[in-house]
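**Student:** Coordinates for the following, if possible.
(4 chains)
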Number of protein chains: 2
Amino acid sequence: MATIYQVSDLAGVSLATVSRVMNNNAKVSDKTKQKVLDAMKELGYRPNATARSLASNRSDSVGLLVPELHGPFFGQMMGGTESELRDAGKHVIITTGHSDVDKEVDGIEFLLSRNCDALILHVEAVSDEYLIELHKGKVPIVIINRYIEEMADRCITLDNALGGYLITKSVLEKGHREIAYISGPKWKDDSNQRIKGHKKALEEFNVPFNEQLMYQGDFTQTGGCDGLTSLLDAGIPFTALVCGNDEMASGVLATARQKGMDVPKELSVTGFDNIIYASLLFPTLTTIDYPIRQMGHMAAKLVLKEVYDKKKLEIRHQFIPKLVERNSAIIV
Amino acid sequence: MATIYQVSDLAGVSLATVSRVMNNNAKVSDKTKQKVLDAMKELGYRPNATARSLASNRSDSVGLLVPELHGPFFGQMMGGTESELRDAGKHVIITTGHSDVDKEVDGIEFLLSRNCDALILHVEAVSDEYLIELHKGKVPIVIINRYIEEMADRCITLDNALGGYLITKSVLEKGHREIAYISGPKWKDDSNQRIKGHKKALEEFNVPFNEQLMYQGDFTQTGGCDGLTSLLDAGIPFTALVCGNDEMASGVLATARQKGMDVPKELSVTGFDNIIYASLLFPTLTTIDYPIRQMGHMAAKLVLKEVYDKKKLEIRHQFIPKLVERNSAIIV
DNA sequence: TTAACATAGTTAAGCGTTAAACTGATGAAA
DNA sequence: TTTCATCAGTTTAACGCTTAACTATGTTAA
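**Tutor:** A predicted model of the protein is given here:
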């Protein structure tokens, strides 16, 4: 691989001049610049990002940590972030945390050790304190999908409580009163916020919350399957089943079909997230739209603004969920 | 951030000794080693990967290029590759190509400029020649989902032709003779291989191939919607519709439902890939299983074997597709 | 006693850039 | 004509680490 040294040699100028042409951060005459560019082309020169980063302490790349690489949700988020940053000539380094403290910390350290200019984190296991501490360091942090008071200006969140409220309210408005709920893991904040919204809606309609109609799932399809089975086995009747996310709802739909239950006639089912295939399920899923792709975009914009001086970008910190009515929930 | 220098200072040894403790690649007495480790801990030392990589010309990270970050297919592939490499203490740097020559080249150059120890590529737009040329360079390349004779030992592929054959054969065996086909883009190799298999099956059953029952889609849901509409408009009757992939098939199912067609009674539909939600569609989709996650794993293993000297790993270059019969295709 | 040889550690030269400090030439103002 | 900026380039010291070459200090065996 050609180095800047060979380029400078061929062009008959000094190292520094080549560096200046590359970064165009100082005056270089057009004639000299052309000589350098020609030499670069001739040698097929490609700057060594590692050396650059070491010398300049920038890397033109942003670290992105997500729980998982697969799944409809994070794919959208990564896609949004990546496209925004790429348009700005920045690159993204993606790694995973698997919702595990050690792995999340490990991932963050990896990104830091790679000299990322900023970090965009979707972390679930690590503590608020850890993040606040991290935030005090010199690499800017953006948190997605989690709200931390002390660094509110670096958080991009969805109003999960509102979403939880809206979906349950829509079910209540259809006349349901016996409403079961399959939640996400209790230790996840978004999961709890959704439950909070759910309870608020119940309260508003004077429906007492029944702990026995609540099943704690894990946000996966299987969790939905198990949840439905468990709730049915408990023997307490319900006409609607609100799920903490779409993946669990899809599990519920599949299991219900297996058990010969007719959704929505015998049981109304709802989801949360509006993942890409929510409209392809049968019946099509009534859910809450989670604009995760836009949030991914916004996280990137926040980085562009804070780190790369794109001052005019407008940042929106909280996103609003919207009800999407389809066919899986009907009037009782 | 603490540097190796400060660690050596605190431990009262030289730079080199610290470096040796980190990499344990030379004899250091236990006593000295402990002093160094203590000093590291005290300073919260974290090695600077950039400097390391510049000095050693290794990076302990593998570049991964995929067309898109979202979508059920690539998510699985990335997940497989990442988990395998991570278990081996290696990291993955992911970037995208968007099936566009310039972007793919740009992505590859980015990965090269980051000093990746190897590249795993799922590229579609770049030419074979380009890849062969790349392969001659000093960074090892693994190609996933594309077969190139000249670098066959670096390709991990699925027998797409066999898959195409199997799915069409299964439809033929159900008695269908008027079979429409929605293909992927003509310029994608896997797309063509699937068509090839399709034709072979037709031939075997003495069913003439009818160009008018062929629609070229783009592997997206929308492509499936448009395809069905277009084929119906053409007015040539067909009892089965074979789709080049599951996403298009899901579009077909949705459109068919909209048009009031009963799948599978009026029309049998099949997909290809067996994406995560194929079993959640209604009707559940008969398709070809594409073990993309395992292939992602295998690509990682190939890298581990070739680059990181894990000699005993067994590599499998070609994967075999399997028919998955569900409810979207029935006897005519 | 000494040569031969490990062993444990140090020194210093890179790796490919950036960027601060410097040089020399040109030209305009005093 | 001198002075002082300005401009276009150069020199050189980092950046934080690895590693080849070297030194010092035993240890062993003849």
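**Student:** For stretch A:295-309, output the C-alpha coordinates as PDB.
**Tutor:** Only the C-alpha atoms of stretch A:295-309 are listed here, as PDB (Å, rounded to 0.1, in the frame of the first residue of the first chain):
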ATOM      1  CA  MET A 295     -35.000   7.700  16.000                       C
ATOM      2  CA  GLY A 296     -31.900   6.100  14.600                       C
ATOM      3  CA  HIS A 297     -31.700   9.000  12.200                       C
ATOM      4  CA  MET A 298     -32.200  11.500  15.000                       C
ATOM      5  CA  ALA A 299     -29.400   9.900  17.100                       C
ATOM      6  CA  ALA A 300     -27.100  10.300  14.100                       C
ATOM      7  CA  LYS A 301     -28.200  13.900  13.700                       C
ATOM      8  CA  LEU A 302     -27.500  14.700  17.300                       C
ATOM      9  CA  VAL A 303     -24.000  13.300  16.800                       C
ATOM     10  CA  LEU A 304     -23.500  15.400  13.600                       C
ATOM     11  CA  LYS A 305     -24.600  18.400  15.500                       C
ATOM     12  CA  GLU A 306     -22.600  18.000  18.600                       C
ATOM     13  CA  VAL A 307     -19.500  16.400  17.200                       C
ATOM     14  CA  TYR A 308     -19.200  17.400  13.600                       C
ATOM     15  CA  ASP A 309     -20.500  20.900  14.000                       C
END
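**Student:** Now do the residue of chain A found nearest chain B against B:Gly223, distance only.
**Tutor:** Closest to chain B within chain A is A:Phe282: 2.6 Å, counting by Cβ to the nearest Cβ. Every C-beta, even on glycine, is put in place using the N, C-alpha and C of the backbone. Taking Cβ to Cβ, to the nearest Å as the measure, A:Phe282 falls 21 Å from B:Gly223.
**Student:** ok, those two, which is more surrounded?
**Tutor:** When A:Phe282 and B:Gly223 are compared for neighbours, B:Gly223 comes out ahead with 24 against 19, by other Cβ atoms under 10 Å in any protein chain shown.
**Student:** wouldn't that one be in contact with B:Met248 here?
**Tutor:** Yes - at 5.1 Å, B:Gly223 counts as touching B:Met248 under the criterion of Cβ atoms under 8 Å.
**Student:** what do those two both touch?
**Tutor:** Applying Cβ atoms under 8 Å, 6 or more residues apart in numbering or on different chains, one finds that B:Gly223 and B:Met248 are jointly contacted by B:Ile182, B:Gly217.
**Student:** returning to that earlier point: pull up the per-residue confidence for the residue of chain A closest to chain B.
**Tutor:** Here the pLDDT value assigned to A:Phe282 is 85.
**Student:** Same question for A:Ser279.
**Tutor:** Taking A:Ser279 on its own, its pLDDT is 89.
**Student:** Could you do A:Pro72 as well?
**Tutor:** 84.
**Student:** The spatially most central residue of chain A is in what secondary structure piece?
**Tutor:** Nearest to the geometric centre of chain A sits A:Met77, at 4.5 Å (Cα atoms, centre = their mean). A:Met77 is part of helix A:72-87, with elements assigned from DSSP states H and E.
**Student:** same deal with A:Ile143?
**Tutor:** Per DSSP H and E: strand A:141-144 holds A:Ile143.
**Student:** Which of the three states applies to the closest residue to A:Leu213 other than its chain neighbours?
**Tutor:** Spatial nearest neighbour of A:Leu213, excluding adjacent residues (Cβ to Cβ, 6 or more residues apart in numbering or on different chains): A:Ala180 at 4.2 Å. Under DSSP: H, G, I helix; E, B strand; the rest coil, the three-state class of A:Ala180 is strand.
**Student:** what do you get for A:Thr32?
**Tutor:** A:Thr32 falls in the helix class when you classify it by three-state DSSP.
**Student:** With A:Ser59 instead?
**Tutor:** A:Ser59 ends up coil, using three-state DSSP.
**Student:** Next, the contact list for the residue nearest to the centre of chain A, please.
**Tutor:** Neighbours of A:Met77 in contact, by Cβ under 8 Å, 6+ apart: A:Val66, A:His122, A:Ile144, A:Ile292, A:Arg293, A:Met295, A:Gly296.
**Student:** buried ones in stretch A:50-70?
**Tutor:** Residues A:50-54, A:59-70 are the ones in stretch A:50-70 that count as buried (16 or more other Cβ atoms under 10 Å in any protein chain shown).
**Student:** Residue ranges in chain A under the pLDDT threshold?
**Tutor:** For chain A, not a single residue meets the criterion pLDDT under 70.
**Student:** the strands in it, which residues?
**Tutor:** A:61-66, A:91-96, A:118-121, A:141-144, A:155-158, A:179-183, A:214-216, A:240-243, A:268-270, A:287-289, A:318-319, A:322-324 (DSSP state E).
**Student:** what does chain A have sitting close to DNA strand C?
**Tutor:** Within chain A, the positions near DNA strand C by Cβ under 7 Å from any atom of the strand are A:1, A:3-5, A:15-16, A:19, A:22-23, A:25, A:45-48, A:51-52, A:54-56.
**Student:** Emit the ChimeraX select command for whichever of these are buried.
**Tutor:** Selecting only the buried entries of the residues of chain A next to DNA strand C in ChimeraX, with 16+ other Cβ under 10 Å as the criterion:
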select /A:3,4,19,22,45,47,48,51,52,54
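**Student:** So which of the residues of chain A next to DNA strand C belong to helices?
**Tutor:** Of these, the ones assigned to helices by DSSP state H are A:Ile4, A:Tyr5, A:Leu15, A:Ala16, A:Ser19, A:Met22, A:Asn23, A:Ala51, A:Arg52, A:Leu54, A:Ala55, A:Ser56.
**Student:** what's the distance between the fourth one and A:Ile4?
**Tutor:** Distance from A:Ala16 to A:Ile4, counting by Cβ to Cβ: 9 Å.
**Student:** which of the ones in helices among the residues of chain A next to DNA strand C come close to DNA strand D?
**Tutor:** A:Leu15, A:Ala16, A:Ala51, A:Leu54, A:Ala55.
**Student:** So of the residues you listed, which two are at opposite extremes in space?
**Tutor:** Distances among these were taken as Cβ to Cβ; the most separated pair is A:Ala16 and A:Leu54, at 16.9 Å.
**Student:** ok, A:Thr284 touching A:Val324?
**Tutor:** No - contact between A:Thr284 and A:Val324 fails when scored by Cβ under 8 Å: they sit 9.4 Å apart.
**Student:** Mind putting the ones next to DNA strand D among the ones in helices among the residues of chain A next to DNA strand C into TSV with distance to B:Ser83?
**Tutor:** Listed next are these as TSV, based on distance: Cβ to Cβ, whole Å:
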residue	distance to B:Ser83
A:Leu15	43
A:Ala16	45
A:Ala51	31
A:Leu54	30
A:Ala55	34
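**Student:** B:Ile195: which of these is nearest?
**Tutor:** Among those, A:Ala51 lies closest to B:Ile195 (Cβ to Cβ), at 47.3 Å.
**Student:** Run through the residues that contact the closest residue to the closest one other than its chain neighbours.
**Tutor:** Leaving aside its sequence neighbours, A:Ala51 sits nearest to B:Leu54 (Cβ to Cβ, 6+ apart; 5.4 Å). Taking Cβ under 8 Å, 6+ apart, we find B:Leu54 in contact with A:Asn48, A:Thr50, A:Ala51, A:Leu54, B:Asn115.
**Student:** Out of these, which is nearest to B:Asn192?
**Tutor:** B:Asn115 (35.7 Å).
**Student:** my guess is the closest one meets A:Arg46, correct?
**Tutor:** No - assessed by Cβ under 8 Å, B:Asn115 is found out of contact with A:Arg46, at 11.4 Å.
**Student:** about what we covered before: got the buried residues for the helix holding A:Met77?
**Tutor:** Buried residues in helix A:72-87, counted by 16+ other Cβ under 10 Å: A:72-86.
**Student:** For A:Pro185, grab phi and psi.
**Tutor:** Backbone dihedrals for A:Pro185, given as degrees, to the nearest 10, come out at phi -60, psi 140.
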